[in-house]
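>>> 3D, please:
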Amino acid sequence: MKILGFPWTIRTRLSVLYAGAFLLAGLALVTFMYLFLGQVLDQQFMIRSDLPLDVNSPAMIPGDGADIPGEPLVLGTTTARRVIDIMIRRASVDTLQTMLIASLVIVAILTVLAGIIGWLVAGQALQPLRNITGTARRVADRSLHERIALAGPQDEIKDLADTLDAMLDRLDRSFDSQRRFVANASHELRTPLTIARTLIEVALLDAGEDTKVKQLGTTLLAVNQRHEKLTDGLLTLASTEQRAADFRPVDLSEIASQVAADMRPVADKVGVSLETKLRAGVILGDAFLLERLVQNLIENGIQYNVPEGGWVRVETHTREDGAELVVENTGPVVPTYEVPGLFEPFRRLTATDRLAGTARTPFVRGAGLGLSIVRSVTHAHGGAIDATPRDGGGLVVRVRIPAAVDEPELLTAT
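Here you go, the predicted model:
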């Protein structure tokens, strides 16, 4: 929120509060001095007006412009005192007005100075909070191992910092436990599946001309591969959300080029043209996770495509705030209302049949985790993702990731 071009932050509010409090105190003081000085002037002039008056004194009452210079103006006592009272009131009013104007000008100038001083003081007072915010942001984005460790007196701000450090300790222990669980699960789940696949392949080699054994072995091998893919997707999804990623400056176009080169033989096999238009875009990211992101998008585009004449187009380019990856493909018509659900785990389109090279596709039927992993990786990099249906069928998926920044603490591995 901005008011008159200034952000309405705590520092701004405190500065306005300081200036407003000073203004109110200054106005109260001016009002008190105005009333007090008015009473004092009235008493002083009243005492002077009670003194004996010599109406014959030529120096007592000066004449106006019609009088002859050098000659006294002789008035009666009553008239003279009335003139003196008028002059006293005028002098009193002039004095009070002069004092009021000068005081208001001084108060206005001091109010501005109070606002400036309040801005500086508030900035100094809020510096520990900025340190806490910076540390919390780095911890949230990079690693849970860093602590605030605020030094200073045991006040409210230090209590907040100590509370956040205690919370970070608990979170760090919890995430370490989850990472160990993911690593153990990765080993315990993949090992039996790998052994089962090896045994099935050996059985197929020993089957000879037995058609039934070969058919059964092929079916079991496909089921085993699907389980391997499901396990790999779940572990990748879990590690993406829980791991401390290795963020380094990487060129998104290089990753997309490498993945496209690896996927091109697969696309050619199913009759899908894979096109690339890559421009350099340096971002801060984990190369492994970004490679998996691009691979899932290209693989998804190849699988869900038209039987003949289909294509997948991959583009990367630089934006003002980072880099953008665009993966566009032909394919079945996607209703707009179903697009948000595609990024949820285990969600696929109602028509789940793969259209591109159905009879010769090298892909194993997935569990609907591809786009979920893409979204998780994108969010882990502080980016945004959206998908829109193409006219005539297919999707256009855009992934925007912030650019790399030249900050030492962000360029180191966590």
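
>>> all strands of the chain, in order?
2-3, 6-7, 248-251, 272-278, 282-285, 310-319, 322-329, 384-389, 395-402 (DSSP state E).

>>> pull the CA atoms of the fourth one into PDB?
Taking Å, rounded to 0.1, in the frame of the first residue of the first chain, the C-alpha atoms of strand 272-278 are listed here in PDB:
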ATOM      1  CA  VAL A 272       6.300 -36.500 -33.200                       C
ATOM      2  CA  SER A 273       8.400 -33.600 -34.300                       C
ATOM      3  CA  LEU A 274      10.400 -32.000 -31.600                       C
ATOM      4  CA  GLU A 275      11.300 -28.300 -32.300                       C
ATOM      5  CA  THR A 276      13.500 -26.000 -30.200                       C
ATOM      6  CA  LYS A 277      14.000 -22.300 -30.200                       C
ATOM      7  CA  LEU A 278      16.400 -21.600 -27.300                       C
END
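
>>> now Gly118. Nearest residue, chain neighbours left out?
Tyr18 (3.0 Å; C-beta to C-beta, 6 or more residues apart in numbering). Quick note: C-beta positions are derived from backbone N, CA and C, even for glycine.

>>> measure the one you found to Val30 for me?
According to C-beta to C-beta, to the nearest Å, Tyr18 and Val30 sit 19 Å apart.

>>> same question, Asp172
Distance from Asp172 to Val30, by C-beta to C-beta: 58 Å.

>>> quick revisit: mean neighbour count added to the strands of the chain, as CSV?
Putting those into CSV (neighbours: other C-beta atoms under 10 Å) gives the following:
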stretch, mean neighbour count
strand 2-3, 9
strand 6-7, 10
strand 248-251, 17
strand 272-278, 17
strand 282-285, 23
strand 310-319, 20
strand 322-329, 22
strand 384-389, 16
strand 395-402, 20
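
>>> JSON lines for those strands, including mean pLDDT?
Converted to JSON lines, these look like this (pLDDT from 0 to 100):
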{"stretch": "strand 2-3", "mean pLDDT": "58"}
{"stretch": "strand 6-7", "mean pLDDT": "63"}
{"stretch": "strand 248-251", "mean pLDDT": "88"}
{"stretch": "strand 272-278", "mean pLDDT": "93"}
{"stretch": "strand 282-285", "mean pLDDT": "86"}
{"stretch": "strand 310-319", "mean pLDDT": "92"}
{"stretch": "strand 322-329", "mean pLDDT": "93"}
{"stretch": "strand 384-389", "mean pLDDT": "92"}
{"stretch": "strand 395-402", "mean pLDDT": "92"}
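
>>> and the helices in this protein?
For the chain, the helices defined by DSSP state H occupy 10-49, 77-141, 156-206, 211-242, 252-269, 287-303, 370-380.

>>> Throw those into CSV and include mean pLDDT, thanks.
CSV is the format used below for the helices of the chain (pLDDT from 0 to 100):
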stretch, mean pLDDT
helix 10-49, 82
helix 77-141, 81
helix 156-206, 81
helix 211-242, 76
helix 252-269, 92
helix 287-303, 89
helix 370-380, 84
